[in-house]
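[1] this one's sequence-less:
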C-alpha cells in the first residue's frame, strides 16, 4: 500500500525527525511504501532576523535559510533525512494536486503535535492535518499518535467546526496522549485509540544500528533542555552535584551546533550516566536506552505527553513538576518491569496500525 504521511516539518527537531523515521521504518517492515510530504512554512524576514540575533547571543549557528523555504540549513540533520526517510521534494504548501501525484492508497497523519493549533499557524496548516485540501479523498484516512499538544481544548469555534467535520471522515484515529481520547469524543464526536509514539514502536537495538560506535558510558549528566532559565540550570547543577556527575547541557532547534547530528544526539543519551530533560523525546530515548532519568514537566509545551507516557510505564516518580522544590531520590528503575509494559503497549499500538491499514 502506498501511504502519504503528513507530520510536523522536519526541521532541527531531533525527536520530530526520529518519530517520522520510526514510523516509516515500521510501515516498510509491514510491506507498505510510505512517503512523507516534506513541507514547511516560509519564514517572514522578521522571524529570520529574530533567529539570527538569538544565534549571536547564544553563540550558536543560525539554521534558517532566508529567503529559502524554512528548511534547516544544518547539514547533518538534512543528511539523515535524505538517507533514512523517503520524502517528496520540498514544498511550502500541501495541495490536492501534490497528493494526487503520489497516488496514495492511504494518507496517514502523525505523529507529534499535528493537531495542535499552536504548532499549525495559520489555520490553513491545521486544516491540512485533517485533509481539508482533499475532502473527497477515496482512500483510507488514518491518524497515528496525533497529539493536541495538551489536555485542554484550545480550538477556536472556526477551527472546531472545520476540523470536527473533517475528523469524522477518518477511517481510524489514534492519539499519543490519553487525554486526546476524551478530546476527540467530546469535541469531534469520534472514537480514538491511545497508542505509543512511533519512536517506541522500534527497540533500542534498532537505534543502536544507526550509531557508528559501541556504547561508551561516561560520567556525564546529559541535560537536553528545550527551555532554559536560571532556576532550571540551578536544578541541573544540584542534581549533577548530588550524583557526582559532569553536567553537559545540550540545547535544541536554533541552539544546536553545526556539528550536531541525530547519531550524536542518540549516542549522548545512550552513553550518559543520567539524563535530565524537559523534552518528551529526550525522555523516550532515556527509556529506550535504560538510562536513569528525570523528566522536567514542560507545561508551556504540553505536560500531558509526559504524564501520559510515564503513567503507562509506571514511571511517574521520574516526573519533576517544580524544579525549585523537587528533591532527587536514589530509587532505581526496574527496567524489566518497564520493558514488560512497553512490549504490551507496543503490541497494542502495532495492532491498531495493522487494522487501520488492513
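    Cool, the structure landed. Computed from a prediction, not measured in an experiment: that's the story for all the values here.

[2] rest of the way, CA atoms for contacts and neighbours
    Will do.

[3] And the average pLDDT for stretch 135-150 is what?
    Stretch 135-150 carries an average pLDDT of 96.

[4] Start the count at 32 instead of 1 going forward.
    With the count now opening at 32, the last piece we talked about shows up as stretch 166-181.

[5] Not counting it itself, show me its contacts.
    135-148, 197, 200-208, 210-211, 225-229, 332-336, 384, 387-388 (CA atoms under 8 Å, 6 or more residues apart in numbering).

[6] Show me how the chain divides into domains.
    33-233+375-388, 241-370 (automatic domain parsing).

[7] Could you dump the ones you listed into a markdown table with mean neighbour count added?
    Output for the domains of the chain, formatted as a markdown table (neighbours: other CA atoms under 10 Å):
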| stretch | mean neighbour count |
| --- | --- |
| domain 33-233+375-388 | 18 |
| domain 241-370 | 18 |
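
[8] What ranges does the protein have for its strands?
    For the chain, the strands defined by DSSP state E cover 33-37, 64-67, 137-140, 171-177, 203-206, 224-225, 251-255, 277-281, 305-308, 324-327, 350-351.

[9] These: which one's closest to residue 159?
    Nearest to residue 159, of all the strands of the chain, is strand 33-37, at 8.5 Å by CA to CA.

[10] Report the angle between the closest one and strand 171-177.
    Inter-element angle recorded for strand 33-37 and strand 171-177: 40 degrees (by axes from the mean of the first three to the mean of the last three CA atoms, to 10 degrees).

[11] Quick one: mean pLDDT over strand 33-37.
    The model assigns strand 33-37 a mean pLDDT of 98.

[12] Walk me through which strands that strand pairs with, and which way each runs.
    Using DSSP bridges, strand 33-37 pairs in its sheet with strand 64-67 (parallel), strand 137-140 (parallel).

[13] want to throw the ones you listed into a markdown table with mean pLDDT and distance to residue 298?
    A markdown table is the format used below for the strands paired with strand 33-37 (pLDDT from 0 to 100; distance: least, CA to CA, whole Å):
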| stretch | mean pLDDT | distance to residue 298 |
| --- | --- | --- |
| strand 64-67 | 98 | 26 |
| strand 137-140 | 98 | 29 |
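
[14] Ok, which of the ones you listed comes nearest residue 107?
    Minimum separation from residue 107 across the strands paired with strand 33-37 (CA to CA) falls at strand 64-67, 18.9 Å.

[15] quick one, what contacts the residue of the chain positioned farthest from its centre?
    Relative to the C-alpha centroid of the chain, counting by CA atoms, centre = their mean, residue 275 is the outermost residue, at 31.0 Å. By CA under 8 Å, 6+ apart, the contact set of residue 275 is empty.

[16] Per-residue pLDDT of it, please?
    95.

[17] One more: residue 257?
    pLDDT, residue 257: 87.

[18] wait, what's in contact with it?
    Contact partners of residue 257, counting by CA under 8 Å, 6+ apart, are 282, 283, 309, 310.

[19] how much space between the residue nearest to the second one when sequence neighbours are not counted and residue 37?
    Translated: residue 283. The shortest distance from residue 283 to any non-neighbouring residue, by CA to CA, 6 or more residues apart in numbering, is to residue 257 (5.7 Å). Counting by CA to CA, to the nearest Å, the separation of residue 257 from residue 37 is 24 Å.

[20] try residue 211
    18 Å.

[21] all helices of the stretch 282-389 of the chain, in order?
    293-302, 311-319, 335-343, 366-388 (DSSP state H, counting those that start in this stretch).

[22] what's the angle from the last one to strand 33-37?
    Helix 366-388 and strand 33-37 are oriented at 120 degrees to each other (the same axes, to 10 degrees).

[23] And the contacts of helix 366-388?
    With CA under 8 Å, 6+ apart, helix 366-388 has contacts from 137, 171, 173, 175, 202-203, 205, 224, 226-227, 231-232, 321, 343-345.

[24] repeat for stretch 50-59
    38, 64-66, 115-117, 142-143, 228-230, 232-233.

[25] so how far is it off the chain centroid?
    Mean C-alpha position of stretch 50-59 versus that of the full chain (CA atoms, centre = their mean, to the nearest Å) differs by 13 Å.
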